[in-house]
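A.B. asks: Provide a 3D model corresponding to the input given below.
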Amino acid sequence: MAWKQFQFKDQTVFVRVLASGKPIVHRGRVEMRYRLGATKSYRAAPDNLIEVDGEIIPDEAFGGAPTPAAVTQAPRETPVREASAATIIIHTDGACSGNPGPAGIGVLLERPDGEVIEHSEFIGEGTNNIAELTAILRALEMLKPEEHATHVLLYTDSAWSLGVLVGGWKAKVNVELITAIKERMTSMPEVELLKVKGHAGNTGNEEADALATMAVRRESSTTRTRRRSKPSAPAP
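C.D. replies: Numbering: from 1, shown residues only. Predicted coordinates for the structure are as follows:
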């Protein structure tokens, strides 16, 4: 993580950004500090920021106190905002035959209008963590541009993926995948990443697991669209 200068109202501030320089938006707000080396953070709406020329400053060079994002947090199982009739529900899973070995992903995406997408994709040689992260990234890529502001509950049984994405864990591998997911989430402020227990009878998780396993077994990819008989917001 790093910092970059932006104009906020009538002064220049430092904003927490990704490696690409894009501000990190969490629950509709960015983290902001008023001077280099400051220890106190403030929250601001990203719409109030104007980008200015300047370098990206890594944490080590910025100084100051650790940010809340650096604190290790346990993955959440309960959403901050409960599912409503307008919420998109997604379950993702990754599968790997050997670790590393042939890998596949499964995404089950359920829209409020009753459309259900079942995506099974073979991703070639990889590790289990690569498969889990790729499934999450693919799910976010499957959201339409007009859905980027929609409330989304995305469930995964990968505690490691949640740890490196939203739990403050430091990742030494798969950094490009992690960065790609975080960058995509900056334009999706209403996406919640949540933990679900794997192989515990959860319907969505079981279906995502079956899709990922099928991709590995067949070494092929398929996408199927169907409709629920009655649109609803399924429970996790």
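
A.B. asks: gap between the residue of the chain positioned farthest from its centre and Thr87?
C.D. replies: In the chain, the residue that sits farthest from the middle, by Cα atoms, centre = their mean, is Asp10; the gap is 33.0 Å. Using Cβ to Cβ, to the nearest Å, one obtains 39 Å as the distance from Asp10 to Thr87. Where C-beta positions appear, they are placed from N, C-alpha and C, glycine not excepted.

A.B. asks: equivalent analysis for Glu115, please.
C.D. replies: 14 Å.

A.B. asks: so which of those two has more stuff around it?
C.D. replies: When Glu115 is set against Thr87 and neighbours are counted by other Cβ atoms under 10 Å, the residue ahead is Thr87, at 20 against 14.

A.B. asks: what's the closest residue to the more buried one other than its chain neighbours in contact with, if anything?
C.D. replies: Of all residues beyond its chain neighbours, the one nearest Thr87 is His151 (4.7 Å), with distances taken as Cβ to Cβ, 6 or more residues apart in numbering. Taking Cβ atoms under 8 Å, 6 or more residues apart in numbering, we find His151 in contact with 81, 83-84, 86-88, 190, 192.

A.B. asks: buried subset of the residues you listed as a ChimeraX selection?
C.D. replies: Buried members of the contacts of His151 can be picked out in ChimeraX with the line below, counting by 16 or more other Cβ atoms under 10 Å:
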select :83,87,88,190,192
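
A.B. asks: would you turn the contacts of His151 into CSV with pLDDT and secondary structure?
C.D. replies: CSV is the format used below for the contacts of His151 (pLDDT from 0 to 100; DSSP: H, G, I helix; E, B strand; the rest coil):
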residue, pLDDT, secondary structure
Arg81, 91, coil
Ala83, 96, coil
Ser84, 96, coil
Ala86, 97, coil
Thr87, 98, coil
Ile88, 98, strand
Glu190, 93, coil
Glu192, 95, strand
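
A.B. asks: residue ranges for the strands of this structure, please.
C.D. replies: Across the chain, reading from the start of the chain, the strands by DSSP state E fall at 2-8, 11-17, 30-33, 42-44, 49-51, 57-58, 88-96, 101-110, 115-126, 152-156, 191-195, 222-227.

A.B. asks: if I look at Ala180, how far off is Arg27?
C.D. replies: Applying Cβ to Cβ, the value for Ala180 to Arg27 is 21 Å.
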